[in-house]
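>>> Below: sequence and its predicted model.
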Amino acid sequence: MSCPRNQALFGGLLCFFMVVLTVSSQGCDKSKCKGPIRYYEELGCKPNIKDGECCASSYDCTHLKNRSAHKCYVNGQEYNIGESLRNEDRSGPCDVACFCNFGYDKAAEFTCAQIDCPRIPVHQGCFLRRHLDSCCNEEEVCPKQNEKIEECSFNGTTYKHGEIFYPNERKMCQCSKSSNDDKKMEVVCRTLSCGIELRRSTELRENCPPVFLPHQLPSQSCSYEYKCQEDMDKVKSTSKSTGGNSQSREITDAMKCKFGNITMNIGDELSQKENDNVKCVCEVPPMPTCTKN
């Protein structure tokens, strides 16, 4: 972006700030931000970002507190007990026969069919072919010698027709025939959902944070394990959480984490019990960030 030289002072300052904001937004890598960002985004929480900063200091998830325990919720939609999940609200092709049902403690939750896809061994020189919208329907393809298999190229890597691949933790892609010309090949991708509201409604109600594995980025990853409050859980305050100086400052509820019925200030950590390999720290409220050691 460039600015004309013959501008008034105000116009020049405005142009300067536009350049700064443009450069700042281009250099913002959300994957480096702290906190379970993908979790917040999927739940529709709103980020609180200070001017000029890349990462949110907290997220507003207050809309979750207004939900009825006798209804199911997903993608901003409300379901009554006994109502079946609509196709547009499915998180993936394996969400089959889902409906809103009474679950733990008589609270509403989605119940879905349990699907266990068989593992197909892939022999050397072969690959698995399936459709993006299929759950378990896949086949092993073993090209014959000198047989030409149509291919696609994506970010410098070649994939065979029907092959599924994951360029990152948020997308699943497939090399397939073009929808406009079946003589051409193209890469088709769809965004992956963590399915939090479908599978973790109890944890949401009880303020149980997601737990991430050591190799996962909480900002980008789905969690398949959650940590709920136990009787012996306590908060271990740090100098960072108490401010580190004698100046008193007001800490609003928006800048605190909630773990079960325990309130944590930023920097607070849950005391780890013996043989507990999960570390939980309040970094970006309202949920503590929990990772396995």
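Right, received. Where do you want to start?
>>> Now do the strands in the stretch 1-150 of the chain.
Secondary structure of the stretch 1-150 of the chain, counting by DSSP state E, counting those that start in this stretch: strands at 46-48, 58-60, 72-74, 77-79, 99-102, 108-111, 127-130, 138-141.
>>> mind listing what's buried in the second one?
Under the neighbour-count criterion of 16 or more other CB atoms under 10 Å, strand 58-60 has 58-59 buried. C-betas here are computed from N, CA, C, even on glycine.
>>> What residues does the spatially most central residue of the chain make contact with?
Geometric centre of the chain, nearest residue: residue 38, 2.8 Å, by CA atoms, centre = their mean. By CB atoms under 8 Å, 6 or more residues apart in numbering, the contact list for residue 38 reads 169-170, 194, 218-222.
>>> just curious, which of the residues you listed is nearest to residue 286?
Closest approach between the contacts of residue 38 and residue 286, by CB to CB: residue 218, at 14.3 Å.
>>> re the thing from before, can I get the contacts of residue 38 in a markdown table with pLDDT?
What follows is the contacts of residue 38, written out as a markdown table (pLDDT from 0 to 100):
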| residue | pLDDT |
| --- | --- |
| 169 | 89 |
| 170 | 90 |
| 194 | 95 |
| 218 | 94 |
| 219 | 94 |
| 220 | 94 |
| 221 | 95 |
| 222 | 95 |
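>>> ok, of those, which one's closest to residue 256?
residue 218 (18.4 Å).
>>> That closest one - how many residues pack around it?
23 (other CB atoms under 10 Å).
>>> Show me the contacts of residue 38 that map onto strands.
Using DSSP state E, no member of those falls within strands.
>>> distance of residue 65 from residue 136?
Note on residue 65: its distance to residue 136, by CB to CB, to the nearest Å, is 38 Å.
>>> who's more crowded, these two?
residue 136 (12 against 9).
>>> Thought residue 119 was touching the more buried one, still the case?
No: using CB atoms under 8 Å, residue 136 is not in contact with residue 119; the gap is 10.2 Å.
>>> buried sites along the helix or strand hosting residue 279?
Applying DSSP states H and E as the criterion places residue 279 in strand 278-281. Buried residues in strand 278-281, counting neighbours by 16+ other CB under 10 Å, are found at 278, 280-281.
>>> Of the residues you listed, just say which sits nearest to residue 263.
residue 280 (13.3 Å).
>>> what's the closest one in contact with, if anything?
Contacts of residue 280 (CB under 8 Å, 6+ apart): 209, 227, 259, 269-270, 288-290.
>>> try 7 Å
Neighbouring residues of residue 280 by CB atoms under 7 Å, 6 or more residues apart in numbering: 209, 227, 259, 269-270, 288, 290.
>>> mind listing what's buried in stretch 80-97?
85, 89-95.
>>> is the closest residue to residue 270 other than its chain neighbours in a bridge, and if so with what?
Closest residue in space to residue 270, ignoring its immediate chain neighbours: residue 280 at 4.3 Å, by CB to CB, 6 or more residues apart in numbering. On the basis of DSSP bridges, residue 280 is bridged to residue 290.
>>> do the same with residue 172
Here residue 172, judged by DSSP bridges, has bridge partners residue 190.
>>> of the buried residues of strand 278-281, closest to residue 141?
residue 278 (41.3 Å).
>>> thinking the closest one is in contact with residue 227, fair?
Yes: Residue 278 lies in contact with residue 227 (CB atoms under 7 Å); the separation is 5.7 Å.
>>> closest to residue 236 out of the strands of the stretch 1-150 of the chain?
strand 58-60 (20.7 Å).
>>> what's the closest one in contact with?
40, 45-48, 254-255, 284-286.
>>> Mind putting those residues into JSON lines with pLDDT and neighbour count?
Conversion of the contacts of strand 58-60 to JSON lines gives the following (pLDDT from 0 to 100; neighbours: other CB atoms under 10 Å):
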{"residue": "40", "pLDDT": "97", "neighbour count": "21"}
{"residue": "45", "pLDDT": "97", "neighbour count": "21"}
{"residue": "46", "pLDDT": "97", "neighbour count": "14"}
{"residue": "47", "pLDDT": "96", "neighbour count": "17"}
{"residue": "48", "pLDDT": "96", "neighbour count": "14"}
{"residue": "254", "pLDDT": "77", "neighbour count": "14"}
{"residue": "255", "pLDDT": "89", "neighbour count": "16"}
{"residue": "284", "pLDDT": "97", "neighbour count": "26"}
{"residue": "285", "pLDDT": "97", "neighbour count": "26"}
{"residue": "286", "pLDDT": "97", "neighbour count": "26"}
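>>> Lovely, talk soon.
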